[in-house]
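# Here is a sequence together with a model predicted from it:
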Amino acid sequence: MRLYTFLVIILAIIISANIPAVAQDDSELREGKSFTVLVEGDGPDVVLIAGLATPRAVWRPLRETLSQTHRV
């Protein structure tokens, strides 16, 4: 389990290093070369990743709830 967590953290760092920031507010949209990242809320980080054929809208209900106490 620790190896899996470590690999997820490393992957997140690699991905986020290649995403230029375009806004600096509580709800910011960052545009990468082939995907976008929506950042909302404040607190401990939670990363939600949609599947290859699934839009980010599948996370909307969970995102709205978690963003009250976490940075999603």
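Here it is on my side, so go on.
# what's the spacing between D45 and A53?
Distance of D45 to A53, given as Cβ to Cβ, to the nearest Å: 25 Å. In short, each C-beta sits where N, CA and C put it, glycine included.
# of these two, who's got more company?
Neighbour count, other Cβ atoms under 10 Å: between D45 and A53, D45 has more, with 10 against 5.
# ok, the more buried one - contacts?
Neighbouring residues of D45 by Cβ atoms under 8 Å, 6 or more residues apart in numbering: 70-72.
# just curious, which of these is nearest to E64?
For the contacts of D45, the closest approach to E64 (Cβ to Cβ) belongs to V72, at 9.0 Å.
# which parts of stretch 37-50 are buried?
Using 16 or more other Cβ atoms under 10 Å as the test for burial, stretch 37-50 gives 39-41.
# Now go through these and say which are in strands.
Filtering the buried residues of stretch 37-50 for membership in strands, criterion DSSP state E, returns V39.
# returning to that earlier point: keep only those of the contacts of D45 that are in helices.
Among the contacts of D45, DSSP state H puts none in helices.
# Please indicate which of these are buried?
Among the contacts of D45, the ones that count as buried by 16+ other Cβ under 10 Å are V72.
# export the contacts of D45 to TSV and tack on distance to V58?
Listed next are the contacts of D45 as TSV, based on distance: Cβ to Cβ, whole Å:
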residue	distance to V58
H70	18
R71	19
V72	14
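# can you tell me which of the contacts of D45 lies nearest to W59?
Nearest to W59 among these is V72, at 8.2 Å by Cβ to Cβ.
# OK, contacts around the closest one?
V72 makes contact with 39-41, 45-48, 63, 66, according to Cβ under 8 Å, 6+ apart.
# rerun that using 6 Å as the cut-off
Each residue near V72 by Cβ atoms under 6 Å, 6 or more residues apart in numbering is listed here: 40-41, 46, 63, 66.
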